[in-house]
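S.K.: Pasting a predicted model and its sequence here:
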Amino acid sequence: MKSIDVCLSPDLMHLYDVQDKVVVVVDILRATSCMTTAIAHGISSIRPVAEVAECKSLKAKGYLTAAERGGEKIDGFDFGNSPFEYMNENLRGKKMGVTTTNGTRAISLAKGAKKLLVGSFLNLSAVAHFLNEQAQDVLIVCAGWQGHINLEDTLFAGALAEQLTAKFTVACDSTLAAISLYHMAKNDMMVFLQNSSHVQRLRRLNLEEDIAFCLQIDQYEVLAVLEDGELVKL
């Protein structure tokens with residue numbers, strides 16, 4: 001039977017062999033929520049890169065660029081890391097390069113996977129449906145915060161794993177922990193996360209609207225999968 005596992009931080013990726021797995025990378029606040037939103041609103045492709053300099057170099061190749069560190073947009077780039085920036089019909093059909101504090105690093109570490117997609121609460125059911133149809137084991141990679149575990153990504157891992165348990169076995173206690181945490185939080189995730197480190201960080205930047213949006217479930221039915229180094233709509 002297929003198995004599902006959860007890597008709670010990119011710094012634990014050395015413990016996992018992703019070669020024959022379907023990997024779901026999640027950075028709820030806010031990278032993969034932004035990527036899902038961008039694809040849902042017609043952006044043709046997103047090239048996630050780990051380093052700022054590499055992202056900046058994509059401008060010369062015709063890409064729009066988005067860069068964030070510590071929750072804030074970096075000067076000299078077209079966009080930051082708010083999902084509301086990508087709800088723009090003028091961006092339809094455009095290519096974008098993106099680098100963020102945590103999410104794009106996690107994607108870079110998981111690039112050896114058989115298949116790689118990004119997940120968010122915004123497209124939770126679409127991700128679950130896709131995974132239930134796959135023949136491979138699944139690994140959910142939580143982007144966390146600079147190597148540390150965070151609550152919001154773990155909640156998503158639990159929510160997703162819960163929808164897969166009918167067809168997957170649980171590979172590790174991290175999956176059980178994520179499911180248990182989601183059960184505690186699911187009735188009001190905003191309240192559950194109010195004291196979490198990244199929610200507090202974003203609140204100091206007056207980004208509560210972003211937080212609330214990224215915690216909404218099933219706003220979109222799209223999937224963004226990595227093909228030739230770029231996330232595209234499945």
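M.R.: Great, that's in hand. Because the structure is a prediction, the values reported are computed rather than measured.
S.K.: in a helix, that's where residue 209 is, yeah?
M.R.: Yes. The assignment for residue 209 (DSSP: H, G, I helix; E, B strand; the rest coil) places it in a helix.
S.K.: Excluding sequence neighbours, find me the nearest residue to it.
M.R.: Among residues not flanking residue 209 along the chain, residue 84 sits closest, at 7.3 Å (Cβ to Cβ, 6 or more residues apart in numbering). Yep, even glycine has a C-beta here, placed from its N, CA and C like the rest.
S.K.: now swap in residue 215 and tell me
M.R.: Spatially, and ignoring its direct neighbours in sequence, residue 215 is nearest to residue 189 (5.0 Å; Cβ to Cβ, 6+ apart).
S.K.: quick one, what contacts the one you found?
M.R.: Neighbour list for residue 189: 152, 155, 215 [criterion: Cβ atoms under 8 Å, 6 or more residues apart in numbering].
S.K.: how close does the first one get to residue 170?
M.R.: This points to residue 152. According to Cβ to Cβ, to the nearest Å, residue 152 stands 21 Å off from residue 170.
S.K.: repeat for residue 66
M.R.: Going from residue 66 to residue 170 by Cβ to Cβ gives 35 Å.
S.K.: More neighbours: the two, which one.
M.R.: Between residue 66 and residue 170, counting by other Cβ atoms under 10 Å, residue 66 is the more crowded of the two (28 against 17).
S.K.: Now the element after the strand or helix carrying residue 140, going C-ward?
M.R.: Element membership of residue 140, judged by DSSP states H and E, is strand 138-142. Next along the chain after strand 138-142, taking DSSP H and E as the criterion, comes helix 151-162.
S.K.: what packs against that following helix?
M.R.: Judged by 3 or more Cβ pairs under 8 Å, 6 or more residues apart in numbering; DSSP states H and E, helix 151-162 is in contact with strand 2-7, strand 22-26, helix 124-132, strand 138-142, helix 173-185, helix 189-192.
S.K.: Show the subsequent helix or strand relative to the last one.
M.R.: Later in the chain than helix 189-192, the nearest helix or strand by DSSP H and E is helix 197-204.
S.K.: angle of that next one against helix 151-162?
M.R.: Computed with axes from the mean of the first three to the mean of the last three Cα atoms, to 10 degrees, the direction of helix 197-204 lies at 130 degrees from that of helix 151-162.
S.K.: contact partners of helix 197-204?
M.R.: By Cβ under 8 Å, 6+ apart, helix 197-204 touches 29-30, 70-71, 145, 148, 150, 152, 193, 208, 210-211.
S.K.: roughly how far apart are the closest residue in space to residue 150 that isn't next to it in sequence and residue 216?
M.R.: Distances taken as Cβ to Cβ, 6+ apart put residue 144 closest to residue 150, at 5.0 Å, once the chain neighbours are dropped. According to Cβ to Cβ, residue 144 and residue 216 sit 21 Å apart.
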